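> predicted model and sequence follow; I will ask about them next.
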Amino acid sequence: MAVKSVLRMGEPCLLLKAAPVEQFDTPELHALIQDLEDTMQAMNGAGIAAPQIGVSLRLVIFGQKASDESKNPRYPDADSVPYTVLINPVITPVNAEMEDGWEGCLSVPGLRGIVPRYVYLQYAGFDQYGNAIDRLVSRFHARVVQHECDHLDGVLYPMRITNLKDFGYTEVFFPGQNIIDD
Ligand code: NI
C-alpha cells in the first residue's frame, strides 16, 4: 500500500486516547495494517502504533516475520519477537518486577532513553480477523508491547524516563554504532 509519514512528538494525535476498533476483517482495516507494516519496515522499526500515522485506533503491530529476521541486526541479543497484529489490547503485568532498558521511537527520532518496564507481561487482544490473542511474555518482547500500547493512551516513552540524564541523542550515547530509530 504505502509508506506513511510518522508523526513526531508534539503532534496532538500522539497524545490522544485512541478508540477501539469496532469491526474486524474489513478492507479498511487490512489497508491500515498494510500501511503500518510498510511504514515500520521502511523505517526498520521494532513496532508501530496506528496513532503514529495519524489514525487514532487501538491497533499496534510489532515484531518481525521469520523471513526478515536476518535483515534487522539492531537487537542482536534480544529475543526475537514474532510479527504480531494486536488490536484492542489489554496488558497486565504478571508481577511487580521491573527492569530498565534503552528505548527509541519512530516519533522521537534521533534520541534514546532508559525506561523502566515490567519484565513479565500478559497481553490479550485480537488479530485483524477477530481471532483472540493471549500471551505471556517477558523481557524485550514485553518491553515492545508496553511501548506500543502506551501509544494508544497518548504516552510516549520520554514521559516514563525516571532520570532525564538517561535521555539523549543516539549518536552521542552510542557513537559509531549506527543505531537507527525505532
Ligand atoms: Ni514508539
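It's in.
> buried residues, stretch 55-66. List them.
Residues of stretch 55-66 classed as buried by neighbour count (16 or more other Cβ atoms under 10 Å): 55-64. Heads up, the C-betas are built off the backbone N, CA and C, glycines and all.
> now, the residues you listed that are in strands?
In strands, judged by DSSP state E, the following of these are found: 59-62.
> please state the offset of the longest strand seen in the chain from the chain centre?
In the chain, assigned by DSSP E, the strand with the most residues is strand 84-93. Offset of strand 84-93 from its chain centre (Cα atoms, centre = their mean, to the nearest Å): 11 Å.
> can you pull out the helices in this protein?
With helices called from DSSP state H, the chain shows them at 27-42, 139-151, 170-173.
> what packs against the first one?
Going back to what we said before, that points to helix 27-42. Applying 3 or more Cβ pairs under 8 Å, 6 or more residues apart in numbering; DSSP states H and E, one finds that helix 27-42 contacts strand 47-49, strand 59-62.
> give me the contact list for the first one.
This points to strand 47-49. Contact with strand 47-49 is made by 6, 18, 36, 39-40, 59-63, 106, 144, 147-149, 151-152, 182, as judged by Cβ atoms under 8 Å, 6 or more residues apart in numbering.
> please apply the same query to the last one.
With Cβ under 8 Å, 6+ apart as the test, strand 59-62 has contacts from 18, 21, 29, 32-33, 36-37, 40, 46-50, 81, 83-89, 144-145, 148-149, 151-152.
> need the contact list for Ala18.
Taking Cβ under 8 Å, 6+ apart, one finds 49-51, 56-59, 151-154 in contact with Ala18.
> switch the cut-off to 6 Å
With contact taken as Cβ atoms under 6 Å, 6 or more residues apart in numbering, Ala18 is in contact with 51, 56-58, 152.
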